[in-house]
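[1] Just the structure for this:
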Amino acid sequence: MRRRRMGALHVGEPRVSFRPQVVGKNGAGHGAVVEEIHGLIRAYKDGHVERLPAIPDVPCTWGSTAAGSGVLARDVVVDRATGVWARLYAPASAPAGKVPVVVYFHGGGFCVGSAAWSCYHEFLAQLPAKAGCAVMSVDYRLAPEHRLPAAFDDGLAAVRWLRQQAGHGRNNSASDEVAWWRGRCSFDRVFLMGDSAGATIAFQVAARLGQGQLGALAPLAVKGAILIQPFFGGEARTASEKTTTQPPRSALSLATSDSYWRMALPAGSAGGRDHPWCNPLSRGAPRLETLPLPPVLVCVAEADILRDRNLELCRALRKGGKSVEQATYGGVGHAFQVLHNYHLSQPRTQEMLAHIRAFVAARCSS
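    Prediction:
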């Protein structure tokens, strides 16, 4: 079962104690392995799940958010009933004016990953300076224990929590463990953002908010969605899925993608990879022109097997009358900005951060 790291956390606590995960020896007593992604996850016939320590969890005061770094980070409980929590980032020095807020969802095929993973911590700690914003990085429930739509529901819960904070912010005298972060946030300039499966969550949350699933958002206002290599699929393979050669350290292969979707989609769901949550362009998916979506930035990696699906999504959104910007990064593949597994990862990551900053600034001024 997935570790519930935040069970005893009080809002505003600066650190989390991460307990090492115990992995069963050869899955003794759990039957056959039904799904496995080497080095990341192993799911057994009886429902037991092992997640392997491929990337270390780090506390919120690690690395780029250590004392004197210029960025503060704290962990907070979002929903005690589900165990969903978030890591908050903001400039250590109060800015001259309040800054936009990014609600971020990590990647990992809906099945692995955490807001505490070192790679996400380091990437998101850059956003306050490089993109001029505060960040709420959401740690949502994972499949296969919690299949979709659990992650989408947790995304809505995160926005609901943010709306509550915005309400507290109207009372300038309100003082609690989140006041330091809330006081830096401009809640009428919110952006939904994620990479890979997290981008899919951001897309679904944006659509659900547009459909009114949380009711009136005020005093929140969602100004845009930033989708980094969104993780979608389909029964028919695209050219990039069939022909893009992946290096040994690639974050996503076609076989891995299929395995993630088998674990994430509802058990026995009809349509396979053409399920609307997997393929938003499938016949059974809502028509994009009917979805009330904010302006979208789609960040595409040239060497990613998802490249063609990402580009198809951009074309379909434009055809549906949506405001879409796209940026393609050459010479890099899936998750390059967090895994740094290509020699051009660093310069391309800085390009991406510049594009995100420009998109946020443009949407905030319009």
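
[2] residues in contact with residue 210?
    For residue 210, the contact set (C-beta atoms under 8 Å, 6 or more residues apart in numbering) comprises 291-294. Every C-beta, even on glycine, is put in place using the N, C-alpha and C of the backbone.

[3] possible to save those residues as JSON lines with distance to residue 301, secondary structure and neighbour count?
    Shown next, in JSON lines, are the contacts of residue 210 (distance: C-beta to C-beta, whole Å; DSSP: H, G, I helix; E, B strand; the rest coil; neighbours: other C-beta atoms under 10 Å):
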{"residue": "291", "distance to residue 301": "25", "secondary structure": "coil", "neighbour count": "18"}
{"residue": "292", "distance to residue 301": "28", "secondary structure": "coil", "neighbour count": "11"}
{"residue": "293", "distance to residue 301": "22", "secondary structure": "coil", "neighbour count": "21"}
{"residue": "294", "distance to residue 301": "23", "secondary structure": "coil", "neighbour count": "19"}
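
[4] between these, which is nearest residue 250?
    residue 293 (30.1 Å; C-beta to C-beta).

[5] Throw the contacts of residue 210 into a markdown table and include pLDDT and distance to residue 181, thanks.
    Below are these laid out as a markdown table (pLDDT from 0 to 100; distance: C-beta to C-beta, whole Å):
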| residue | pLDDT | distance to residue 181 |
| --- | --- | --- |
| 291 | 94 | 31 |
| 292 | 95 | 29 |
| 293 | 97 | 27 |
| 294 | 98 | 23 |
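
[6] wait, what's in contact with residue 350?
    residue 130.

[7] Provide the secondary structure category for it.
    Put simply, residue 350 is helix when judged by DSSP: H, G, I helix; E, B strand; the rest coil.

[8] Look at it and report its pLDDT.
    Listed pLDDT for residue 350 reads 97.

[9] pretty sure residue 281 contacts residue 316?
    Yes. In terms of C-beta atoms under 8 Å, residue 281 counts as a neighbour of residue 316; the distance is 5.5 Å.

[10] so what's in contact with the two at the same time?
    With contacts taken as C-beta under 8 Å, 6+ apart, residue 281 and residue 316 have residue 288 as neighbours in common.

[11] Give the other helices and strands that the strand or helix carrying residue 159 contacts.
    Taking DSSP states H and E as the criterion, residue 159 maps to helix 150-169. Other helices and strands packing on helix 150-169, by 3 or more C-beta pairs under 8 Å, 6 or more residues apart in numbering; DSSP states H and E, are strand 71-79, strand 84-91, strand 99-105, strand 134-139, helix 179-182, strand 185-195, helix 197-210.

[12] Which residues are in contact with the spatially most central residue of the chain?
    The residue lying closest to the centre of the chain (C-alpha atoms, centre = their mean) is residue 105, at 1.9 Å. By C-beta under 8 Å, 6+ apart, the contact list for residue 105 reads 138, 140, 151, 155, 192-194, 197-199, 201-202, 205.

[13] again, 7 Å this time
    With contacts defined as C-beta atoms under 7 Å, 6 or more residues apart in numbering, the neighbours of residue 105 are 138, 140, 155, 194, 198, 201-202.

[14] for residue 329, same thing?
    Residues near residue 329 by C-beta under 7 Å, 6+ apart: 301-302, 348, 351-352.

[15] any low-confidence regions in the stretch 51-200 of the chain?
    169-175 (pLDDT under 70).

[16] that older thread, make a markdown table out of the contacts of residue 329 and add distance to residue 144 and neighbour count.
    Shown next, in a markdown table, are the contacts of residue 329 (distance: C-beta to C-beta, whole Å; neighbours: other C-beta atoms under 10 Å):
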| residue | distance to residue 144 | neighbour count |
| --- | --- | --- |
| 301 | 27 | 26 |
| 302 | 31 | 16 |
| 348 | 32 | 21 |
| 351 | 35 | 17 |
| 352 | 31 | 24 |
